[in-house]
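Visitor: Can you look at this prediction? I've put the sequence above it.
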Amino acid sequence: MEENKNNLPAKLNMPPEQLTEQVIKSFFQKEISRKEYQQVLQGLEKIKPTKDNLPQVDKSIKDVTGVTKKLNQFAIDVAKPYDKTHGAILKAMKELLKPILDKVAIIEAEKKAKNDELLADLEKASTEKARIENIKATMAAFINNCTAFIATATSDKQIINIQKRIGTEKSKKTFYAEFMQELIDKTAALDSLIEERKAYIKKEAELSAAALEAMKNDDIEAAAEIKEQQEQLETDMEENILRLQEEAFQQVSNDEPVYVPEPAGEALKGRNYWRWEVEDLHKLYKKRPDLVILTPNKEAIDQVMSANREQWNKEGKKEAVIDTIKFFIKKFL
């Protein structure tokens, strides 16, 4: 009895028969009530995970986990050296902590569910922003291209092709969705540019015809005057091209930045850990036998031997082979 008593931890220095489960739990309850433990553990009831408080919930859970680790370590220290009595000490602490750990597990599950919801919301917002940015970029590129085509068109046929392209783009209602009216407004602004270019093409054609007629008639004075008009028309159109490009640029630069409201909460990113699983053990064994451990199923083989040894004895056999397994008699003294 004295030897057992000496082996007991100082804080529970009493005969083993007095170390009842109730005594041990009362001792630990006293320890749980000390220091910051009780305050932190009582805070569990106040933890309600939402999409707006996940970092705070995560910190609270870590605080509680830290407390339970301290209590577990305290129990381990109290229980040294280990024997059957001290096993009861560890068991008592485990039972005391179970309601706390169960509550933590529930909160962890709720936290994960809310975090998954928030991540889904953030992904949805990101996808929506990318969709809008794609529409805006496509619209800007289309307006710029049309402006460039209009500015360099040299025939009515080319102008008609540009108008057809505009019509085709305005038919993409599914793609442009709620920005369809914006596209219509921006392409409508091209109408005046198209009319100006058509007027230039027409005027250029008229001057070219007049120049040919003057040359036929050897009217040098008229030809010179027409050439001056052509040069002036060309100068005017070069300035016009610069104006068209500037207007196209202004159309794009005046666009408001893409803004998509994001959820206010801060999601928990978690950590990435590498793990592995074997998809086909047989194939792995063929390719990399060094990565597979094959061991006989002792219990199953013993059953085969038990089922057959009486017959082998009757037949006077000293060994037998079944499916590459050799069974044999070995004498022990």
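Guide: Arrived safely. Numbering: from 1, shown residues only.

Visitor: Can you name every helix or strand that the helix or strand encompassing Lys129 contacts?
Guide: For Lys129, the host element (DSSP states H and E) is helix 84-152. Counting by 3 or more Cβ pairs under 8 Å, 6 or more residues apart in numbering; DSSP states H and E, the packing neighbours recorded for helix 84-152 are helix 21-33, helix 54-78, helix 156-170, helix 173-176, helix 180-188, helix 190-216, helix 220-253. For every residue, glycine as well, the C-beta is placed using N, CA and C.

Visitor: would CSV of those helices with distance to Arg288, mean neighbour count and mean pLDDT be doable?
Guide: Rendered in CSV, the data for the helices and strands packed on helix 84-152 read as follows (distance: least, Cβ to Cβ, whole Å; neighbours: other Cβ atoms under 10 Å; pLDDT from 0 to 100):
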stretch, distance to Arg288, mean neighbour count, mean pLDDT
helix 21-33, 51, 15, 66
helix 54-78, 39, 16, 82
helix 156-170, 56, 14, 93
helix 173-176, 50, 12, 94
helix 180-188, 58, 15, 91
helix 190-216, 65, 15, 82
helix 220-253, 57, 14, 73
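
Visitor: Among those helices, which comes closest to Ala88?
Guide: Smallest distance to Ala88 across the helices and strands packed on helix 84-152 (Cβ to Cβ): 6.4 Å, for helix 21-33.

Visitor: can you put the helices and strands packed on helix 84-152 in a markdown table and add distance to Ser306?
Guide: Putting the helices and strands packed on helix 84-152 into a markdown table (distance: least, Cβ to Cβ, whole Å) gives the following:
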| stretch | distance to Ser306 |
| --- | --- |
| helix 21-33 | 44 |
| helix 54-78 | 45 |
| helix 156-170 | 83 |
| helix 173-176 | 73 |
| helix 180-188 | 81 |
| helix 190-216 | 93 |
| helix 220-253 | 86 |
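
Visitor: Neighbours of Ile150, how many?
Guide: 23 (other Cβ atoms under 10 Å).

Visitor: swap that for Lys111, sorry
Guide: There are 20 residues near Lys111, going by other Cβ under 10 Å.

Visitor: quick one: pLDDT of it?
Guide: pLDDT, Lys111: 90.

Visitor: In space, what's closest to it - neighbours in sequence excluded?
Guide: Once flanking residues are discounted, Lys111 sits nearest to Pro49: 4.3 Å by Cβ to Cβ, 6 or more residues apart in numbering.

Visitor: Isn't that neighbour up against Lys114?
Guide: Yes - using Cβ atoms under 8 Å, Pro49 is in contact with Lys114, at 4.7 Å.

Visitor: on that earlier part again, need the pLDDT of the residue nearest to Lys111.
Guide: pLDDT at Pro49 comes out at 89.

Visitor: going forward, begin numbering at 319 instead of 1
Guide: All right, first residue 319 from here; so that's Pro367.

Visitor: tell me the contacts of it?
Guide: 375, 425, 428-429, 431-432 (Cβ atoms under 8 Å, 6 or more residues apart in numbering).

Visitor: State the pair within those that is farthest apart.
Guide: Farthest pair in the contacts of Pro367, by Cβ to Cβ: Val375 and Ala431, 11.7 Å.

Visitor: how close does Arg606 sit to Trp592?
Guide: From Arg606 across to Trp592, the span is 18 Å (Cβ to Cβ, to the nearest Å).

Visitor: between the two, who's got more neighbours?
Guide: Neighbours per residue (other Cβ under 10 Å) separate Arg606 from Trp592, with Arg606 holding more: 9 against 4.

Visitor: Dihedrals phi and psi, that one?
Guide: Backbone geometry at Arg606, expressed as degrees, to the nearest 10, gives phi -140, psi 80.

Visitor: ok, back up a step: wait, which of the helices and strands packed on helix 402-470 is closest to Ala458?
Guide: helix 538-571 (4.4 Å).

Visitor: for stretch 602-617, how far is the first residue from the last?
Guide: 26 Å (Cα to Cα, to the nearest Å).

Visitor: residues in contact with that stretch?
Guide: 596, 599, 643.

Visitor: Turn the residues you listed into JSON lines, including secondary structure, distance to Ser510 and pLDDT.
Guide: Listed next are the contacts of stretch 602-617 as JSON lines, based on DSSP: H, G, I helix; E, B strand; the rest coil; distance: Cβ to Cβ, whole Å; pLDDT from 0 to 100:
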{"residue": "Val596", "secondary structure": "coil", "distance to Ser510": "69", "pLDDT": "82"}
{"residue": "Leu599", "secondary structure": "helix", "distance to Ser510": "73", "pLDDT": "82"}
{"residue": "Ile643", "secondary structure": "strand", "distance to Ser510": "94", "pLDDT": "91"}
